[in-house]
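Asks: model this:
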Amino acid sequence: MVPRKVDRQARRAEILAAAVRVFARRGFADSRIEDVASEAGVAKGSVYLYFESREALLHGAFDALSAHSAEILRDAVHGPGADGHGTAPDRLAALVRSVLGMLTAQPDIAHVVLDLWAAGRGRADMPLDLARTYREYRAAITTLLEQARDEGWTADAPPQEHAAIIVGAIEGCLLQWLMDPKVDPAALADPLVRMLVPGATAAAADSGTGHAGAADMGTGDTGTAGSGTANTGTGDTGTGEGS
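Replies: Residues are numbered from 1 along each chain as shown. Below you'll find the model as predicted:
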């Protein structure tokens, strides 16, 4: 009997999606490879064909989110608006809306981030470097605030401090939504922007929708770089899949 062919990219995506659901439901620390395999409907050994550990699963699941996040920051600082087609406050407003849209479109991922944040305070062995993510956002927002200052826009706080406040406000909106689903981060985006980025125009609302609307994670489409995937010894057949 000829072994059934397996679409490796599709199977990898299924396993990653299952891992995100399990991590969101049980918490990363309490999740096992067996739980992910059961959620994905495959044998435990099949998970190890693609990922060598829970940590590799976690990194693989966040690869697409990290790439999307980097795109949002890059477009805000260096995108079309940076050459005169949008003021720095407008691009900052678009960034805020895009980030809120990106995470609210993926509630399971947002719950995993919250779980890691709560469990990893003060720990040096966190499975994801969330501190680096915060630094990247603060740096990008600081750059935008400095650009805004060069355009004649003024703020009460220095750019670095203002950036930390904006990041905290975004996170606060998301945290409230995760704790109370009645809170609508999308509805909070414009008031947040008006309060923290005075002078940003309403036109910026449309510039962020491209990212927010494209927030489908697509975990199976990302590369393996940084995901810690175990590719050795894997074939193209469904051997060991239990199907």
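
Asks: can you tell me how far the residue nearest the centre of the chain sits from Arg11?
Replies: Central residue of the chain (C-alpha atoms, centre = their mean): Leu65, 3.6 Å from the mean position. Distance of Leu65 to Arg11, computed by C-beta to C-beta, to the nearest Å: 20 Å. C-beta: built from backbone N, CA, C; applies to glycine.

Asks: The residue nearest to the centre of the chain and Gly86: what is the separation?
Replies: 25 Å.

Asks: Give me the distance between the longest helix anywhere in the chain and the centre of its chain.
Replies: The helix that spans the most residues within the chain, counting by DSSP state H, is helix 54-78. Centre-to-centre, helix 54-78 and its host chain are 6 Å apart (C-alpha atoms, centre = their mean, to the nearest Å).

Asks: pLDDT on that helix, on average?
Replies: In this model, helix 54-78 has a mean pLDDT of 92.

Asks: Repeat that for stretch 172-188.
Replies: Here the average pLDDT along stretch 172-188 is 91.

Asks: How about residues contacting that stretch?
Replies: Leu100, Gly101, Leu103, Thr104, Pro107, Ala110, His111, Leu114, Ala189, Leu192 (C-beta atoms under 8 Å, 6 or more residues apart in numbering).

Asks: now do stretch 18-36
Replies: 15, 37, 39-40, 44, 47-48, 53-54, 57-58, 60-61, 107-109, 111-112, 115-116, 119, 127, 217, 219.

Asks: buried subset of those?
Replies: Among those, those classed as buried by 16 or more other C-beta atoms under 10 Å are 15, 37, 39-40, 47-48, 54, 57-58, 60-61, 108-109, 111-112, 115-116, 127, 217, 219.

Asks: Among the residues you listed, which ones are in helices?
Replies: Short answer: the buried ones among the contacts of stretch 18-36 in helices (DSSP H) are 15, 37, 39-40, 47-48, 54, 57-58, 60-61, 108-109, 111-112, 115-116.

Asks: Run a quick neighbour tally on Ala29.
Replies: 12 (other C-beta atoms under 10 Å).

Asks: Any chance of the backbone angles for it?
Replies: Torsion angles at Ala29 (phi, psi; degrees, to the nearest 10) stand at phi -60, psi -30.

Asks: again with Thr87
Replies: Dihedral angles for Thr87 - degrees, to the nearest 10 - are phi -70, psi 160.

Asks: is it true that it touches Ala148?
Replies: Yes. Applying C-beta atoms under 8 Å, one finds Thr87 in contact with Ala148, separated by 7.1 Å.
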